[in-house]
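Trainee: I need the structure of the sequence given here:
(chains A and B, ligands or ions: 1)
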Amino acid sequence: MEYEIVIGMEIHVELGTKTKIFCSCPTEFGQDENTHTCPVCLGMPGVLPVLNEKVVEYATRAGLALNCEIAHFSKMDRKNYFYPDLPKAYQTSQFDLPICTGGAVGIEVDGVKKDIGITRIHIEEDAGKLLHESADGTLLDVNRCGVPLIEIVTEPDLRSAEEARAFAEKVRNILEYTGVSDCKMEQGSMRFDVNLSIREKGSEVLGTRTEMKNLNSFRALIRAVQYESKRQIIELKKGREIIQETRKWDDAKGVSSSLRSKEEAHDYRYFPEPDLVPIVLEPSYIEKIKSELPELPEAKKKRYVDEYKLPEYDAGVLTTTGVTARFFEEAVALYNEPKQISNWMMVEIPPLLKENEQSMETITITPAQLVELLKLVKDKVISGTSGKEVLKEMFISGKNAGDIVKEQGLAQMSDTGELEAIIEKIVADNPKSVEDIGAGNEKAYGFLTGQVMKATKGKANAQVANEIIRAVVAKHLA
Amino acid sequence: MSLIREDVTYVANLARLEFSEDEVTALADQLGAVLDYAETLSGLDTSQIKATEHVLAVQNVFREDEIKSCLSNEDALANAPESEAGCFKVPRVME
Ligand SMILES: [Zn+2]
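Mentor: Now for the predicted structure:
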């Protein structure tokens, strides 16, 4: 029997607002424990939450960028469950009337394009962080409690780990472009839940699914999907039934295991949040946000091909993330050589980022600095090979290309006067070569060029040198 | 539509409440009576009435995304029965 993997995803994304969703505490990451709290996010009795207007704006923007319908009327609900990361014993979320519904995102895997449906996007609050460091208890940091999230829920349209990854990357790419989130996986700004089931290929009926929560890297996502699909197929082949359950993915061990919680019934007893009033968005509000959406990756890629005449491959690579695209555009604005910039950004910069433990987010050289270097190469002040060395040095020392070229004497010798003097002497010292050339042996030019390069330690501009050699030899032969 | 004992124990479990057998019986009766009373509403024809999504006739109450002062770590933890290393301390939970 041939099996088919069916995957639906839930993606939690922290919104990049300055303050929390229902109170004015900052959302800043990495602060001392329990220093960003107030009575509201601590869940003190009698406090009243007030919704952050930016949360509504960002959720609307994200929904529009992911091709969703924005609800005219939506409301907040309480999702009740007991876990110490939630001081209120409920999470304020959206149940039956989410802010966005019915979107889609196009992905491409191995040349095959397909649309992945988005069921809904709702807004909710993040929970606190549990630290398992104490010998006889669990410690709670409430700083993250109340940081605004959007949860993006897909249709069960994904069929492989590769598709799941492509979709997750595309969503990250789009959200990063729209500026609603920094999407920093290492800070937990983006987390994936995967619902996975197996069915006979061609069947319309969905199999029993398991859920894996809080996968926090693309690598974990891929490996968890691969492992869990294999596990379920083996179970089915043995004639066993899949148990509907939440499973924990252990990224270090590379295995998933059952999480049998005491609370078997997942009955969240949702009810409308009485302390928060409905969100009613007029078409004019939605239109305004739509008109302010930045150019999204797909459109940008097309424009790079049309406007900068870049190959589709280059355009795809340069638009993978917003920061890469911004770097490229700043460079092109300073120096209209898109292909040269693209080549250096795609070929030379990535290995140097890795070597220097940087990324396009943290890159220390600026577009202007790169442009200065590329002009030196283009104008043949330095050779391409020297250019690569200079770039390497720029990453290490942070110096400008021009200064490095001067300090290391890398400039090609194009000063004809100086070169002429050197060449005159070499030609005079090698009458045999001149004779050979006179006898029609063109190869002797190669020898003379070699001597010039030796005398100038390789800094002579080869083209200029050759022209001078020919002129000087001609003079000697005349 | 009366409440059965299983409903009471199920809801009690979700709410982390513990009752004796007698209490469960009593609550099933009492809560059942409340639900029966609410059931009176089913007698009304509401086919022409728009569903109420929220009890207040108010909408769009927002605040600006502006940072205001927070509690100090000491104040935040002042009411905590137990604390350690600047954190609230709770009974051990499984990861
Ligand atoms: Zn707060």
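
Trainee: Please report how far residue A:352 lies from the ion.
Mentor: 42 Å (Cβ to the ion, to the nearest Å). Every residue, glycine included, has its C-beta placed from N, CA and C.

Trainee: repeat for residue A:48
Mentor: Counting by Cβ to the ion, the gap from residue A:48 to the ion is 12 Å.

Trainee: That residue touches residue A:274, doesn't it?
Mentor: No. At 10.3 Å, residue A:48 does not count as touching residue A:274 under the criterion of Cβ atoms under 8 Å.

Trainee: anything in contact with each of these two?
Mentor: Common contact partners of residue A:48 and residue A:274 (Cβ atoms under 8 Å, 6 or more residues apart in numbering or on different chains): none.

Trainee: So which other helices or strands are in contact with the longest strand seen in chain B?
Mentor: Ranked by residue count under DSSP state E, the longest strand found in chain B is strand B:87-90. Contacts defined by 3 or more Cβ pairs under 8 Å, 6 or more residues apart in numbering or on different chains; DSSP states H and E place strand B:87-90 against strand A:138-141.

Trainee: before we move on, the earlier item: check which residues of the longest strand of chain B are buried.
Mentor: B:87, B:88, B:89, B:90 (16 or more other Cβ atoms under 10 Å in any protein chain shown).

Trainee: which one of those residues is nearest residue A:438?
Mentor: Nearest to residue A:438 out of the buried residues of strand B:87-90 is residue B:87 (Cβ to Cβ; 90.1 Å).

Trainee: related to what we said a few turns ago, measure how far the longest strand of chain B is from the centre of its chain, please.
Mentor: Chain-centre distance of strand B:87-90: 23 Å, with Cα atoms, centre = their mean, to the nearest Å.

Trainee: Centroid-nearest residue for chain A?
Mentor: residue A:321 (4.6 Å; Cα atoms, centre = their mean).

Trainee: before we move on, what about chain B?
Mentor: Closest-to-mean residue, chain B, Cα atoms, centre = their mean: residue B:15 / 8.0 Å.

Trainee: Okay, the residue of chain B found nearest the ion and residue B:82: tell me how far apart.
Mentor: Proximity of chain B to the ion (Cβ to the ion) peaks at residue B:70, 6.5 Å away. To residue B:82, residue B:70 is 22 Å away according to Cβ to Cβ, to the nearest Å.

Trainee: neighbour count winner among the two?
Mentor: residue B:70 (20 against 14; other Cβ atoms under 10 Å in any protein chain shown).

Trainee: any idea how far that one is from residue A:41?
Mentor: Per Cβ to Cβ, residue B:70 is found 9 Å from residue A:41.

Trainee: try residue A:96
Mentor: 25 Å.

Trainee: Could you pull out the helices in the stretch 251-400 of chain A for me?
Mentor: Assigned by DSSP state H, counting those that start in this stretch, the stretch 251-400 of chain A shows helices spanning A:283-291, A:297-308, A:312-318, A:322-334, A:338-343, A:349-355, A:367-378, A:384-397.

Trainee: Mind checking the ones you listed for the one nearest to chain B?
Mentor: Chain B sits nearest to helix A:283-291 of all the helices of the stretch 251-400 of chain A, at 9.7 Å, using Cβ to the nearest Cβ.

Trainee: Next, the buried residues of the helix with the most length in chain B.
Mentor: As assigned by DSSP state H, the longest helix anywhere in chain B is helix B:21-38. Buried residues in helix B:21-38, counted by 16+ other Cβ under 10 Å: B:24, B:27, B:28, B:32.

Trainee: Which ones among those residues also lie next to the ion?
Mentor: For the ion, no contacts are drawn from these by Cβ under 5 Å from the ion.

Trainee: From residue A:352, how far out is the residue nearest to the centre of chain A?
Mentor: 17 Å.

Trainee: Then residue A:238?
Mentor: Counting by Cβ to Cβ, the gap from residue A:238 to residue A:352 is 51 Å.

Trainee: can I see the domain layout of chain A?
Mentor: A:3-285, A:295-408, A:416-477 (automatic domain parsing).

Trainee: And these: which comes nearest residue B:56?
Mentor: Among the domains of chain A, domain A:3-285 sits nearest to residue B:56 (Cβ to Cβ), with 5.5 Å.

Trainee: who's more crowded, residue A:96 and residue A:41?
Mentor: Neighbour comparison, residue A:96 and residue A:41: the larger count goes to residue A:41, with 29 against 11 (by other Cβ under 10 Å).

Trainee: Please consider this matter closed, and thank you.
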